[in-house]
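Enquirer: Provided below are the primary sequence and the corresponding predicted coordinates.
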Amino acid sequence: MTPSTLSKTPVPVLRDLTRNLCINADECHPIPKANCEAVRNRLREHELNEAYCMVAMYTSGSDIVTGGMISGEPLKEHSDMRYASVPLGFIISGDITVIKDGKGLKRLGSGDFLGLFETSDALVTGKRRQIGDWTLIASSDTKVIFFPDSILVGTSQSATAFRDYLVGLARADHVPQPLSTLPLLDWVASHTTKERPRDCAIIAHTHLLPNNLPLFRHLSSLLDFGRIYVMDKPYSTVRSVLNELVLSGFEVIPVRMDADLPYEFAVSKSLDVLWDKVIDDQKRRQYKKLLIIDDGGDVWQSIPWNEFDGVSIAAVEQTQRGIERTVRSGKRFPPTVSVASSGIKKNVESEFIGISIVNKLDDIGILGRAKQVGIIGMGSIGIAVAAALEARNITPLSYDPIYHTQPSESIHKRNSLDVLMNECDLIIGTTGTDALKGLPFERVTSGNKILASASSADLEFSSLLKLASRRSDPFETVSIFVHDSLTIDILNGGYPINFDRVKDATPDDDIVLTRCLMYIGAMQALELIDNGESEPTVYNLDTYSQKKLLERWITDKNESGHVTHFTDDEIDEIVGSSSYVGGKDMSTVWMDTAGNSTPQSS
C-alpha cells in the first residue's frame, strides 16, 4: 500500500523532529532510546545540511512491508531507496505490528527501526536481498523517516559509527537473519546463498551450543516461519540455546534420556516424535523439499520414505560415522553431502577438538593426576589429541588396528589393547566404535583406570557401561568393578568429555570453520534438490568453497592477533585431501560479489 503522504524532507527539519524523541528514560525501552541517540548523532553532522530523507505517513491498517518487501511503488522504485529490499526506516510516531505466519508477534513504536536487517545485510554484503517473510502493518496513524543511501555511506566518523551501530544491533537481535555473531559465516553465506528456497523445510539433528546459534539463524532466515525442526543431542545441549530456539519459533524435539538405558533408545523414541510432526506438517503445508542436516546419520537413516511421495530430499552429514553406518546399512538414503570427508574438517578442525579434549581433562583435574596417558584410535582426532598432549610435554602411548598391518618402531605405540590398558591409567578413546568390546579384562590387572571418550554419544565404551549399577544422572562418572585387580571410572557418563552442557567446547574463531562447512554443504544439498537428484549417492564437499573459506579464515586469524600456524602455502594440500571413497563431485556453489556463479568446479 502506498503511504498516504510521502515527502522529501531536509535533514535540518529532521533534526527538529527527532530532538526530543525518547529523551525521558521512562518513556522508552533502552533499545529505542539508544536508536534515537544514534540517529541524532548521525543527523547532526554538518555534511548532511543539504541532504534529505523521505518522511512517510501511514494511516491505521496500511501495509508498510509485505512478505519481506517494502510496500508501495514510490518507495520501492525510488532510486535512493533501492539499496535494500526494505530500506532503513525510523519510527517518529505511531505503532506498527510485525506479523509472521499470520500472528502479530511484535509491536514497534517511536524510536524503533524497520528494515534494520535488510539494511545491515546490504551494508555488510553489498547485496539487496529479501531477508524474511514478515509483514508490517500500521496499527495506528504512523510517521516513518526513510533514510536514503547517502545517509548510510560516507567516510566520516559519524557515518562509520552509524553503520557500525546498525550492524551491531542487527547481529545482537535473535530474529532469524543472515547477520550473526560469526562474521566469517555471514561472509560465506553471502557467497553461497542463491535465493530463499520455496516450499522447503529443514530437519537438523546436531549440538545445541552457543556458537551453533549463528548457523541456525542463517538457515531459518531462508525459510518461512516454523519450518525448521531441531532434534538435540542432550549430552552437549546448553539449555539456554534450546530455550532461544524455542522462543525464536523453531520446532524443537528434545531427546529425553534415561541414565540406565543406552543413548540410542532415547534417540529412537525422539525420532518417532520428530517424524510424526514432520509428516503431519507436510500434509498440512504441502512443502515439496526437505533438507536434513545430520550428525551421526540417525535422521537420514530413519526416513519413512512411503510418507514423502513427491517430496525431494537431500542431506548433509557431519561425521564419518554417520556416512559409513548409513551407506553400509543397505537402507535407502537420500543424496548426501559429506562434510565429514572435508579436508578442513579432517586436518584443521580435528586440531581444535584435540585441544578441547585435553583442556577439559586438565580443567577437571584428571590430566595432572595421570601417570601415563593412552589413546585408543589414531585417526584424525587421536592424532590431534596426541599433539595437544605433547604440547604440554606429555607423551602418550597409543593403540590403533593399523599397527597390525603397518608396524611401527616407535616406542610409544602398542600392538594390543590389553598392553595399553596395563601401562596407562588414563585412556582416551577416539575410535567412534565400541573400543573395548571383547577385551580380555582378566589380562588387565594394574588397578584403577580412568576412561574418557572423544567420540560420539555413549558409543566408545558402551559395552562397559552395561556393567554399571543403576544411576540417576546420565553424565556422572560411572564406576565399574571388573575384578579384584581392576576398577574402571568412565568420565561424563561415557559421553564425549569435551561437552559439559554449560558452554562452547571450542572457541568461536576456530569452530566457525565447521559452521561454515555445514552451511556450504546445506547449499550444495539444496542445489541437489533443485537439480532433481534422488539417487542414494554421497557427494564430496565443494573444494573451491573450502579454499575460499580457508584463505579468509587464515587472514582473519592473523589480522585479529590470534595467529594460526596454518599458512596459505598449505591450503591446496589441506583442501586437496577432501574426498570420500566413491564420493561424487559437483559444481561449486560459490558466487562472486555480484552473485554470479564462479566457473570452477568443486
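Expert: Okay, I see it.
Enquirer: and the next element down the chain from the host helix or strand of Pro214?
Expert: For Pro214, the element it lies in under DSSP states H and E is helix 213-221. Counting by DSSP H and E, the element after helix 213-221 in chain order, helix or strand, is strand 228-232.
Enquirer: which parts of that following strand are buried?
Expert: For strand 228-232, the neighbour count (16 or more other C-beta atoms under 10 Å) marks 228-232 as buried. (Each C-beta comes from the backbone N, C-alpha and C, glycine too.)
Enquirer: Show the average pLDDT along the helix or strand that that strand is followed by.
Expert: Going down the chain from strand 228-232, the next helix or strand is helix 239-247, by DSSP H and E. Helix 239-247 shows a mean pLDDT of 92 in the predicted model.
Enquirer: mind checking how far helix 239-247 is from the chain centre?
Expert: The chain centre lies 14 Å from the centre of helix 239-247; the measure is C-alpha atoms, centre = their mean, to the nearest Å.
Enquirer: next one: stretch 420-428
Expert: Stretch 420-428 has its average C-alpha position 36 Å from the chain's average C-alpha position, going by C-alpha atoms, centre = their mean.
Enquirer: How about stretch 526-534?
Expert: In terms of C-alpha atoms, centre = their mean, the centre of stretch 526-534 is set 22 Å apart from its chain centre.
Enquirer: buried stuff in that stretch?
Expert: In stretch 526-534, counting by 16+ other C-beta under 10 Å, buried: 526-529, 533.
Enquirer: which residues sit in contact with the residue nearest to the spatial centre of the chain?
Expert: By C-alpha atoms, centre = their mean, the chain has its centre lying nearest to Leu215, at 2.7 Å. By C-beta atoms under 8 Å, 6 or more residues apart in numbering, the contact set of Leu215 is 185, 515, 518-519.
Enquirer: Could you do Leu513 as well?
Expert: Leu513 makes contacts with 344-345, 348-349, 549-550, 553, as judged by C-beta under 8 Å, 6+ apart.
Enquirer: so it sits in a helix?
Expert: Yes: with DSSP: H, G, I helix; E, B strand; the rest coil as the criterion, Leu513 is part of a helix.
Enquirer: pLDDT value on it, please?
Expert: Listed pLDDT for Leu513 reads 97.
Enquirer: Ala170 versus that one, what's the distance?
Expert: Leu513 is 23 Å from Ala170, where distance means C-beta to C-beta, to the nearest Å.
Enquirer: pLDDT below threshold where in the stretch 401-550 of the chain?
Expert: For the stretch 401-550 of the chain, no stretch is flagged by pLDDT under 70.
Enquirer: Mind jotting down where the helices sit in the stretch 1-150 of the chain?
Expert: 11-18, 30-43, 73-76, 116-125, 149-152 (DSSP state H, counting those that start in this stretch).
Enquirer: I'd like those helices as TSV, with distance to Ser545 appended.
Expert: Output for these, formatted as TSV (distance: least, C-beta to C-beta, whole Å):
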stretch	distance to Ser545
helix 11-18	43
helix 30-43	36
helix 73-76	33
helix 116-125	16
helix 149-152	30
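Enquirer: among those, which gets the worst mean confidence?
Expert: Among these, helix 73-76 carries the lowest mean pLDDT, at a mean of 87.
Enquirer: Now tell me what touches that helix from outside.
Expert: 2-3, 6, 54, 56, 69-70, 81, 87, 146.
Enquirer: give me that answer again for 7 Å
Expert: Contacts with helix 73-76, where a contact means C-beta atoms under 7 Å, 6 or more residues apart in numbering, come from 2, 6, 56, 70, 81, 87, 146.
Enquirer: which SSE is Glu351 in?
Expert: Going by DSSP H and E, Glu351 is in helix 350-363.
Enquirer: Give me the buried positions along that helix.
Expert: For helix 350-363, a neighbour-count test (16+ other C-beta under 10 Å) marks 350-361 as buried.
Enquirer: Tell me which entries of the buried residues of stretch 526-534 lie within helices.
Expert: Judged by DSSP state H, the subset of these located in helices is 526-529.
Enquirer: Of the residues you listed, just say which sits nearest to Leu417.
Expert: Leu528 (41.3 Å; C-beta to C-beta).
Enquirer: In this model Ala314 seems to touch that closest one, though I could be wrong.
Expert: Yes: using C-beta atoms under 7 Å, Leu528 is in contact with Ala314, at 4.4 Å.
Enquirer: Other residues contacting stretch 254-266?
Expert: Against stretch 254-266 from outside (C-beta under 7 Å, 6+ apart): 231-234, 242, 267, 270, 457-458, 462, 470-474.
Enquirer: quick check, distance from that stretch to the centre of its chain.
Expert: 24 Å.
Enquirer: Tell me the buried residues in that stretch?
Expert: Here stretch 254-266 shows 254-255, 257, 262-263, 266 as buried, counting by 16+ other C-beta under 10 Å.
Enquirer: average pLDDT for the helix or strand following the helix holding Glu351?
Expert: Following helix 350-363 in sequence order, the next helix or strand is strand 373-376 (DSSP H and E). Averaged across strand 373-376, pLDDT comes to 98.
Enquirer: Partner strands of strand 373-376, with direction?
Expert: strand 397-399 (parallel), strand 426-429 (parallel) (DSSP bridges).
Enquirer: Looking at those, which is nearest to Asp569?
Expert: strand 397-399 (29.1 Å).
Enquirer: mind giving me the domain ranges of the chain?
Expert: Listed by automatic domain parsing, the domain ranges of the chain are 5-172, 183-340+503-576, 346-494.
Enquirer: Let's see the distance spanning the first one from one end to the other.
Expert: What that stands for is domain 5-172. Using C-alpha to C-alpha, to the nearest Å, the end-to-end distance of domain 5-172 comes out at 33 Å.
Enquirer: for the second one, same thing?
Expert: Using C-alpha to C-alpha, the span of domain 183-340+503-576 from its first residue to its last is 25 Å.
Enquirer: Could you check how far the residue located most distally from the centre of the chain is from Val478?
Expert: Distance from the centre of the chain peaks at Asp484, with 47.3 Å (C-alpha atoms, centre = their mean). Per C-beta to C-beta, Asp484 is found 19 Å from Val478.
Enquirer: can you check Glu409 too?
Expert: On the measure of C-beta to C-beta, Glu409 and Val478 end up 37 Å apart.
Enquirer: who's more crowded, those two?
Expert: Val478 (24 against 5; other C-beta atoms under 10 Å).
Enquirer: contacting residues for that one?
Expert: Val478 is in contact with 465, 468, 471, 490, 493-494, counting by C-beta under 7 Å, 6+ apart.
Enquirer: Look at the closest residue to Glu351 other than its chain neighbours and report its pLDDT.
Expert: Spatial nearest neighbour of Glu351, excluding adjacent residues (C-beta to C-beta, 6 or more residues apart in numbering): Ala384 at 5.0 Å. Predicted confidence (pLDDT) for Ala384: 96.
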